[in-house]
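1. Here is my input; please provide its structure:
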Amino acid sequence: MNYLELLETELRLFDLEIPLAERILLGRYCDELERWGRRINLTSLSGSDLVRRLIVEPVWIAQQIKLSGTLVDVGSGNGSPALPIHITRGLDRVHLVEARARRAAFLRHVSSKLKLAGVIVHRARLQDSIREFAGADWVTLQGVALTTSLIKAFRLISSDTLTIIWITASADPPVRPLSSLRVPFTDTQAFLFRLDQF
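-> Alright, predicted model coming up:
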């Protein structure tokens with residue numbers, strides 16, 4: 001499957017302009033997802049669904065909010081949304097937090113293969129490595145419930161500027177968000193919160 005062609009089609013639909021070098025990296029990321037997906041369960045998505053949900057939606061969200069700085073991605077699994085965001089936004093640092101060994105191995109592999117600087121993979125639960133994320137600017141959650149225990153853990157990051165981005169297609173926010181975005185052509189929404197809202 002030619003993921004680069006699918007990616008170019010989706011990017012045009014979303015009116016996203018991404019430099020060629022970044023598009024190539026995103027296409028290679030999709031190739032690795034498919035290749036590793038034959039051995040471990042990274043995603044049930046394929047083809048244009050994979051490209052739209054795991055690549056284009058996070059990139060669109062990150063561009064809308066002008067995401068920069070340091071990101072902590074909780075339950076990183078297959079690397080989305082953090083890796084596509086990092087590739088297109090050039091973040092200072094990205095912490096991928098994944099408790100499952102095989103998925104953490106995939107994250108290390110793909111970060112190395114794509115030569116992504118500033119990516120650190122933590123094979124741990126968030127609560128077990130929270131002190132390493134002091135000063136982070138953003139936390140992303142996709143496919144992860146925004147629970148009370150996560151909120152308590154985020155408080156330990158103790159950054160005045162920390163913003164939580166909860167990406168979901170099927171849940172209502174636990175409190176009124178600071179702001180929200182609805183991704184075009186999909187049911188996906190991104191809710192943004194600050195810790196003082198909880």
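2. Is it correct that L107 is in contact with L116?
-> No. Taking C-beta atoms under 8 Å as the definition, L107 is not a contact partner of L116, at 10.2 Å. Just so you know, the C-beta spots here come from the backbone N, C-alpha and C atoms, and that holds for glycine as well.
3. neighbour-wise, which of those two wins?
-> L107 (26 against 17; other C-beta atoms under 10 Å).
4. quick one: the more buried one from N41, how far?
-> 14 Å (C-beta to C-beta, to the nearest Å).
5. Could I get the full set of helices for the chain?
-> Taking DSSP state H as the criterion, the chain carries its helices at 3-13, 20-37, 47-50, 57-65, 82-89, 101-113, 126-129, 148-155.
6. Tabulate those helices (a markdown table), appending mean pLDDT and distance to W138.
-> Formatted as a markdown table, these follow (pLDDT from 0 to 100; distance: least, C-beta to C-beta, whole Å):
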| stretch | mean pLDDT | distance to W138 |
| --- | --- | --- |
| helix 3-13 | 96 | 23 |
| helix 20-37 | 97 | 19 |
| helix 47-50 | 96 | 24 |
| helix 57-65 | 98 | 9 |
| helix 82-89 | 98 | 9 |
| helix 101-113 | 98 | 18 |
| helix 126-129 | 88 | 14 |
| helix 148-155 | 87 | 11 |
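7. Output these in CSV; the columns should cover distance to D187.
-> Converted to CSV, the helices of the chain look like this (distance: least, C-beta to C-beta, whole Å):
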stretch, distance to D187
helix 3-13, 16
helix 20-37, 22
helix 47-50, 13
helix 57-65, 10
helix 82-89, 19
helix 101-113, 25
helix 126-129, 26
helix 148-155, 23
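8. Which of these sits closest to A190?
-> helix 57-65 (4.7 Å; C-beta to C-beta).
9. Stretch 4-21 spans what distance, first to last residue?
-> 11 Å (C-alpha to C-alpha, to the nearest Å).
10. Can you give the distance of it from its chain's centre?
-> The chain centroid and the centroid of stretch 4-21 are separated by 18 Å under C-alpha atoms, centre = their mean, to the nearest Å.
11. Stretch 36-48 now?
-> That offset, for stretch 36-48, works out to 16 Å (C-alpha atoms, centre = their mean).
12. Check stretch 172-192 too.
-> With C-alpha atoms, centre = their mean as the basis, stretch 172-192 stands 15 Å off its chain's centre.
13. Now it: buried residues?
-> By neighbour count on 16 or more other C-beta atoms under 10 Å, the buried set for stretch 172-192 is P174, P177, L181, V183, T188, Q189, A190, F191, L192.
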